[in-house]
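Peer 1: Mind folding the following:
(2 chains)
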Amino acid sequence: DAKTTQPPSMDCAEGRAANLPCNHSTISGNEYVYWYRQIHSQGPQYIIHGLKNNETNEMASLIITEDRKSSTLILPHATLRDTAVYYCPGPGDSWGKLQFGAGTQVVVTP
Amino acid sequence: DGGITQSPKYLFRKEGQNVTLSCEQNLNHDAMYWYRQDPGQGLRLIYYSQIVNDFQKGDIAEGYSVSREKKESFPLTVTSAQKNPTAFYLCASSIGLGSYEQYFGPGTRLTVT
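Peer 2: Got it, this is the predicted structure:
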């Protein structure tokens, strides 16, 4: 399994950028980096994914290091509604499976 | 509205009873998944299905069973053999098994006493 590691928690002030790191040093060359988030007591929500290049969508930006050993999810202007657990799951032991760790609890404060 | 529905949102059962959790999707997705989540932990894969009438065990399949008779539906039965059934259960779907972009339902919180 390609394992990922994330800090357990992070605080962010409303309106500021939140930079969420993920270490995936064992990822293989053709495995994508994915990010999800889970607001309390709801199902996870897909945010973004990438392979080598940086990616941006309406929710966030994804920066992947050149060696692909780590990535950073950027929430450019955090709002209170961004308070959630953020996951960067690694690919599981077979095709199509995701391996979710404990994620990073992000709390956005006023 | 396209999406995944799970019902009910809360479910209470007595120990020793089997219980079936519903999952329906109208996204025309081929692949569907069941996960279990315990407090403060990540998701663990129970079962997944790539196509109708086919499914595979995930990491923690013991004490659970599934069926996939229709593309839209992937019910999960929690049997009395599951030692610690109280948990938050999440259903997801994706276009195909090769896609890691999964869409999740709202979840069912099962409490067994």
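
Peer 1: in the chain, which spans are strands?
Peer 2: Since you didn't name a chain, this refers to chain A. A:9-13, A:18-23, A:33-38, A:45-50, A:55-56, A:61-64, A:70-75, A:84-87, A:90-91, A:98-99, A:104-109 (DSSP state E).

Peer 1: meant chain B, my bad for not saying
Peer 2: With DSSP E as the criterion, chain B has strands at B:4-7, B:10-13, B:19-25, B:31-37, B:43-51, B:54-57, B:64-66, B:76-78, B:87-94, B:103-104, B:108-112.

Peer 1: now for the first one, which elements pack on it?
Peer 2: Under the contact definition 3 or more Cβ pairs under 8 Å, 6 or more residues apart in numbering or on different chains; DSSP states H and E, strand B:4-7 sits against strand B:19-25, strand B:87-94. All C-beta spots, glycine's among them, are computed from the backbone N, C-alpha and C.

Peer 1: Not counting sequence-adjacent ones, nearest residue to A:C12?
Peer 2: Spatial nearest neighbour of A:C12, chain neighbours left out: A:A18 (4.1 Å); criterion: Cβ to Cβ, 6 or more residues apart in numbering or on different chains.

Peer 1: For that neighbour, which residues are in contact?
Peer 2: Neighbouring residues of A:A18 by Cβ atoms under 8 Å, 6 or more residues apart in numbering or on different chains: A:10, A:12, A:74-75, A:78, A:82, A:106, A:108.

Peer 1: can you check A:N54 too?
Peer 2: Counting by Cβ under 8 Å, 6+ apart, A:N54 has contacts A:61-64.

Peer 1: For the residues you listed, pick the one with the most neighbours.
Peer 2: When neighbours are taken as other Cβ atoms under 10 Å in any protein chain shown, the top entry among those is A:L62 (23 neighbours).

Peer 1: Rebuild the strands of chain A as JSON lines, extending it with mean pLDDT.
Peer 2: Formatted as JSON lines, the strands of chain A follow (pLDDT from 0 to 100):
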{"stretch": "strand A:9-13", "mean pLDDT": "95"}
{"stretch": "strand A:18-23", "mean pLDDT": "96"}
{"stretch": "strand A:33-38", "mean pLDDT": "95"}
{"stretch": "strand A:45-50", "mean pLDDT": "94"}
{"stretch": "strand A:55-56", "mean pLDDT": "96"}
{"stretch": "strand A:61-64", "mean pLDDT": "96"}
{"stretch": "strand A:70-75", "mean pLDDT": "96"}
{"stretch": "strand A:84-87", "mean pLDDT": "96"}
{"stretch": "strand A:90-91", "mean pLDDT": "80"}
{"stretch": "strand A:98-99", "mean pLDDT": "84"}
{"stretch": "strand A:104-109", "mean pLDDT": "96"}
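
Peer 1: Many thanks, have a good one.
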